[in-house]
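Student: The sequence isn't on hand, but the structure is:
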């Protein structure tokens with residue numbers, strides 16, 4: 001994995017101030033060095049500058065970027081972040097056309113594919129990626145992003161110059177680009193957050209290239225093309241055929257995503273998702289006489305304070321131990337303390353450039369940092385719940401028919417702590433409703449489906465577009481902050497495209513949630529793991545954590561200069577801080593309850609200060 005960044009203006013002449021613009025590219029590289037600590041470089045042409053930092057995974061010696069190819073005296077330059085899983089197929093096609101290769105890197109395959117077939121070649125690319133190609137002949141910049149947005153790509157326009165980067169912080173390196181929030185940006189943080197509307201860059205005039213899209217920019221303007229999107233269609237395979245095909249797609253996705261010139265490891269929670277990925281990896285490595293390394297996460301003293309609830313029914317460690325014995329993996333139990341996860345709340349904002357999933361992010365940030373000390377590549381079980389319907393909102397009638405995002409069933413816990421003037425100005429309920437309505441309008445409905453199945457299809461689509469994207473953002477930023485590449489086989493394009501249209505009575509046959517995944521992977525795991533009830537990513541249940549957060553928030557509120565103060569309903573907030581919090585009733589997802597609300601406010605305060613955010617209502 002890597003970072004990409006740069007700027008483009010077909011009417012400018014950057015080489016006229018070469019040192020000035022090279023310095024900007026150097027600043028971009030330095031700002032994003034955490035994503036690619038192994039190597040970096042930049043290139044400046046008359047109309048375009050490109051910068052790259054590299055985490056060496058494939059062709060360690062020759063995969064240098066930016067990469068340039070010259071055809072008929074004209075140069076084409078590429079910067080690329082990602083991994084391609086059908087590299088051999090793409091390469092064979094090019095060899096058949098007479099192309100020669102100077103490296104074994106995927107960057108060269110992508111650049112030559114672009115030269116051979118144009119931008120539409122991306123339809124045939126299987127992988128996770130964000131990349132940019134500058135065509136000097138036609139003074140055209142092309143930006144590409146993978147089908148489900150596993151890899152990020154932000155951009156903004158400043159005085160006619162298009163500035164892009166893997167993270168917003170890279171765009172801020174360009175002089176004149178500043179951090180501001182308008183009504184939409186505030187709503188993204190306060191009404192939808194930590195989710196984001198697809199394409200929103202939160203900051204005023206910032207955007208993120210939509211997943212499954214590419215953008216072409218030249219002297220005539222900018223155009224965006226969708227090359228992949230989920231479609232609804234009838235499912236004609238029998239149940240047995242569906243199980244068989246799902247089994248193949250899951251195992252194939254994991255094996256293809258093991259491609260690496262450095263050792264891979266896995267995260268192992270003892271749940272079905274991470275256990276399936278780990279089992280496939282372990283079996284593949286065993287053929288090579290290698291042992292899989294696995295990691296699990298928990299919090300200090302959670303064994304003392306944990307209390308089962310409907311969102312988190314059991315602790316992970318006993319199941320992890322069973323899987324380690326089954327896999328014979330080299331396992332590492334990692335623990336995060338309450339103080340450390342609180343301290344890293346600000347680092348999580350640094351990683352995202354936005355407030356995020358608070359301690360769920362900060363703890364994962366810590367764990368990824370520990371894993372990165374020995375590994376560069378990790379495979380995870382992320383996204384299986386979104387794809388196979390593992391959340392309660394797929395089967396609870398009240399959630400299916402809620403008419404809003406089921407992971408945020410009510411805005412009241414948020415609005416209660418905000419000033420009346422702010423909530424009125426933001427029209428929070430209308431913003432959420434409009435975002436929801438627009439999103440559900442994007443997915444076509446099958447005429448023969450009843451109301452329940454129609455709602456379930458819509459929720460499935462929303463899960464992938466919103467909730468899964470939030471988790472993919474979390475995985476990318478927390479891992480890449482320490483130069484660790486996280487791969488997510490359950491977000492494989494072919495797998496998601498197929499499973500999306502499997503009917504619910506197959507996905508949850510016999511009333512068992514995610515039964516399709518269980519049946520498709522039967523024999524890979526002990527039944528005790530295969531049929532374990534879902535338990536999400538762990539969080540701390542130590543009451544000290546809440547006390548610590550409340551103390552830190554009170555310190556913030558005591559500062560009359562805090563930018564958070566004008567946003568708050570102080571009497572309501574003080575009452576909130578004085579009373580014990582509910583650990584079981586989340587205001588976002590399944591894990592963000594009372595303590596996480598305090599942490600989110602701490603992150604907003606830090607975010608507004610760090611980026612010197614101006615607010616425009």
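Tutor: Great, that's in hand. Small disclaimer: the values here were computed from a predicted structure and weren't measured.

Student: got the contact list for stretch 515-532?
Tutor: Applying CB atoms under 8 Å, 6 or more residues apart in numbering, the external contacts of stretch 515-532 come out as 242-244, 246-247, 250, 270-273, 275-276, 279-280, 283, 314, 319, 322-323, 326, 384, 388, 499, 502, 506-509, 512. All C-beta atoms are positioned from the backbone trio N, CA, C, and that covers glycine.

Student: try 6 Å
Tutor: Residues from elsewhere that reach stretch 515-532, judged by CB atoms under 6 Å, 6 or more residues apart in numbering: 243, 246-247, 250, 275-276, 279, 323, 326, 388, 506-509.

Student: so how far is the host helix or strand of residue 339 off the chain centroid?
Tutor: Here residue 339, judged by DSSP states H and E, is contained in helix 338-343. Distance, stretch centre to chain centre, for helix 338-343: 23 Å (CA atoms, centre = their mean, to the nearest Å).

Student: With stretch 520-539 instead?
Tutor: So, by CA atoms, centre = their mean, the centroid of stretch 520-539 is 23 Å from its chain's centroid.

Student: tell me the mean pLDDT over that stretch?
Tutor: For stretch 520-539, mean pLDDT is 86.

Student: which of the residues in the helix holding residue 339 are buried?
Tutor: 338, 341, 342 (16 or more other CB atoms under 10 Å).

Student: Could you identify the longest strand within the chain?
Tutor: In the chain, taking DSSP state E as the definition, the longest strand is strand 74-84.

Student: Residue 257 - nearest residue in space that isn't next to it in sequence?
Tutor: residue 487 (4.6 Å; CB to CB, 6 or more residues apart in numbering).

Student: give me the beta-bridge partners of that neighbour?
Tutor: residue 379 (DSSP bridges).

Student: Can you check the pLDDT for it?
Tutor: At residue 487, the model reports a pLDDT of 95.

Student: now residue 408
Tutor: 94.

Student: Same question for residue 307.
Tutor: Looking at residue 307, its pLDDT stands at 62.

Student: do residue 316 as well
Tutor: At residue 316, pLDDT is 79.

Student: what do you get for residue 580?
Tutor: Per-residue pLDDT puts residue 580 at 66.

Student: next one: residue 302
Tutor: 67.

Student: so what's residue 440 closest to, chain neighbours aside?
Tutor: residue 458 (4.8 Å).

Student: same deal with residue 227?
Tutor: residue 123 (4.9 Å).

Student: Quick one: the strands in the stretch 51-200 of the chain, in order.
Tutor: 67-71, 74-84, 127-135, 140-145, 154-158, 161-165, 180-181 (DSSP state E, counting those that start in this stretch).

Student: out of those, which comes closest to residue 607?
Tutor: strand 180-181 (9.7 Å; CB to CB).

Student: tell me how far that closest one is from the chain's mean position?
Tutor: Using CA atoms, centre = their mean, the offset of strand 180-181 from its chain centre is 23 Å.

Student: swap in stretch 216-236?
Tutor: The answer for stretch 216-236 is 20 Å, by CA atoms, centre = their mean.

Student: Ok, stretch 385-405 next?
Tutor: With CA atoms, centre = their mean, you get 21 Å for stretch 385-405.

Student: still on that earlier bit, what residues sit buried inside the helix or strand harbouring the residue nearest to residue 440?
Tutor: Assessed by DSSP H and E, residue 458 sits inside helix 451-462. For helix 451-462, the neighbour count (16+ other CB under 10 Å) marks 453, 454, 455, 456, 457, 458, 459, 460, 461, 462 as buried.
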